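Asker: How does the following fold in three dimensions:
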Amino acid sequence: MLDLLLGREARQRGYVLRTLLAASGYLLGVLIAEVALSIGVADLAPARVFQGAALTAGLISYAMVRWGWTRQFRDPALTVAQMLVGQTMAAVAYMLLHEFRGALIGLSVAVTSFGTFSLSRDRQWAMSLYALLTMGTGMLWMSVRDPVNFPPEVEAVHFLILLILQSMAALLGAQFGEMHRRLRTRKRELEAALERIQELANRDSLTGLYNRRHAQEMADHHVHLKVRHGRALAIALIDLDHFKRVNDEHGHAMGDQVLQTFAQQARQVTRDADIVARWGGEEFLILMPDTSADGARLLVERLREAVSGVRVSEVAPELRITFSAGITAYQPGETTDEAVHRADEALYEAKSAGRNRSVVV
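Answerer: Predicted structure coming up:
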């Protein structure tokens with residue numbers, strides 16, 4: 001039932017709830033007019049016109065927001081439009097239902113409070129000014145036209161009360177609105193900071209690639225997709241050749257530069273859908289979704305060609321990067337660890353066969 005009344009999408013529900021809150025103000029005006037008619041203090045025709053206009057405004061605003069016709073607007077809840085209509089209706093009711101005009105002053109203030117958490121400070125004050133102008137104009141007009149029911153001195157007091165209440169409502173609304181905006185800004189900043197922290201926690205600090213823990217999570221995710229949808233998945237385990245010799249002969253700083261150079265080339269050669277991770281030390285893992293073992297071998301060989309042509313450092317111009325790779329395709333029914341273990345065995349075979357080569361199993 002609630003889904004039918006409010007819709008299913010969470011944000012849309014919020015807009016519809018605010019619209020229903022505004023519609024409750026229209027309904028209150030309709031009820032006041034009905035009471036005024038029942039006790040004989042309102043003329044039938046004007047009161048019915050007012051009731052029809054109020055009900056029409058409520059139904060139209062609800063329909064527009066509920067069925068998503070306002071989604072392209074900056075404010076899908078039509079806050080300003082509904083406040084303008086509400087204040088206008090309150091002023092009209094004030095002139096028509098003089099016996100209840102004290103209650104209608106309160107209704108005008110309630111309409112101003114409707115924009116507390118969605119309007120800027122300037123717009124909040126503008127809505128209060130509009131209420132003062134419309135209601136004040138109605139008070140002045142009726143005190144001149146019908147001084148018996150709208151004594152000028154009484155209307156002056158009513159306007160003073162309205163001025164005080166509208167100023168308080170606008171001031172408090174502006175303060176609450178500013179607090180709400182600050183909280184939203186702080187929430188966005190915290191979300192961005194949390195996302196950044198999570199990203200840093202998933203990355204290897206030296207190469208910028210995913211670390212082993214996150215790569216394991218992503219591998220499990222893609223294995224799950226493979227099981228559910230039958231998608232292909234290839235895995236390549238890569239080990240840089242003679243890396244210990246680089247550290248021994250050129251120092252650890254040069255070794256770090258070799259790792260960074262390889263990571264840079266791997267990011268450039270692989271696709272956006274591929275996942276490249278530092279598996280540990282000088283070992284790297286590449287997950288290739290929707291890729292066969294043969295397709296993975298072609299990618300790895302492109303990577304081999306790319307890194308072999310890169311000069312790591314001007315200090316050691318003769319230094320070139322080579323690597324050994326074990327490549328496999330995920331087999332139905334096995335675990336992630338089993339697939340990675342098979343790639344590791346292929347890598348060992350490539351290293352035993354002389355390095356700087358790939359073995360597919």
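Asker: All the helices of the stretch 1-150 of the chain, in order from the start?
Answerer: 2-6, 10-38, 44-66, 79-96, 101-113, 121-145 (DSSP state H, counting those that start in this stretch).
Asker: so which of those helices gets nearest residue 324?
Answerer: Set against residue 324 and scored by CB to CB, these come closest in helix 10-38, at 51.3 Å. For the C-beta atoms, the positions are set from N, CA and C on the backbone; glycine is no exception.
Asker: low-scoring stretches of the chain, by residue?
Answerer: For the chain, the stretches flagged by pLDDT under 70 are 1-4.
Asker: Outline the domain layout of it.
Answerer: 2-195, 212-360 (automatic domain parsing).
Asker: Can you lay out the helices of the stretch 1-150 of the chain as JSON lines showing mean neighbour count and distance to residue 200?
Answerer: Listed next are these as JSON lines, based on neighbours: other CB atoms under 10 Å; distance: least, CB to CB, whole Å:
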{"stretch": "helix 2-6", "mean neighbour count": "11", "distance to residue 200": "40"}
{"stretch": "helix 10-38", "mean neighbour count": "18", "distance to residue 200": "30"}
{"stretch": "helix 44-66", "mean neighbour count": "17", "distance to residue 200": "41"}
{"stretch": "helix 79-96", "mean neighbour count": "22", "distance to residue 200": "39"}
{"stretch": "helix 101-113", "mean neighbour count": "20", "distance to residue 200": "44"}
{"stretch": "helix 121-145", "mean neighbour count": "18", "distance to residue 200": "37"}
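Asker: Let's have the ones you listed in a markdown table, adding distance to residue 299.
Answerer: As requested, the helices of the stretch 1-150 of the chain are arranged in a markdown table below (distance: least, CB to CB, whole Å):
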| stretch | distance to residue 299 |
| --- | --- |
| helix 2-6 | 47 |
| helix 10-38 | 41 |
| helix 44-66 | 51 |
| helix 79-96 | 53 |
| helix 101-113 | 62 |
| helix 121-145 | 56 |
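Asker: I'd like to know which of the ones you listed is closest to residue 256.
Answerer: With CB to CB as the criterion, residue 256 lies closest to helix 10-38 of the helices of the stretch 1-150 of the chain, at 46.9 Å.
Asker: Give me the angle between that closest one and helix 44-66.
Answerer: Angle of helix 10-38 versus helix 44-66, following axes from the mean of the first three to the mean of the last three CA atoms, to 10 degrees, is 170 degrees.
Asker: and the angle from helix 10-38 to helix 79-96?
Answerer: Going by the same axes, to 10 degrees, helix 10-38 makes 10 degrees with helix 79-96.
Asker: For helix 10-38, name the packing helices and strands.
Answerer: In terms of contacts (3 or more CB pairs under 8 Å, 6 or more residues apart in numbering; DSSP states H and E), helix 10-38 is packed against helix 2-6, helix 44-66, helix 79-96, helix 101-113.
Asker: Go through those helices and name the closest to residue 333.
Answerer: helix 2-6 (40.7 Å).
Asker: re the thing from before, with respect to residue 205, which of the domains of the chain lies nearest?
Answerer: domain 212-360 (9.7 Å).
Asker: Run the chain-centre distance for that closest one.
Answerer: 35 Å (CA atoms, centre = their mean, to the nearest Å).
Asker: picking up where we left off before, out of the helices and strands packed on helix 10-38, nearest to residue 289?
Answerer: So among the helices and strands packed on helix 10-38, helix 2-6 is nearest, using CB to CB, at 35.8 Å.
Asker: ok, residue 170 - contacts?
Answerer: 112, 124-125, 127-128 (CB atoms under 8 Å, 6 or more residues apart in numbering).
Asker: one step back: compare the helices of the stretch 1-150 of the chain and give me the one nearest residue 201.
Answerer: helix 10-38 (28.3 Å).
Asker: what residues does stretch 293-311 touch?
Answerer: Here stretch 293-311 has contacts from 234-236, 238, 261-262, 265-266, 268-270, 274, 286, 288, 291, 317, 319-323, 325, 327-329, 356, 358, 360, using CB under 8 Å, 6+ apart.
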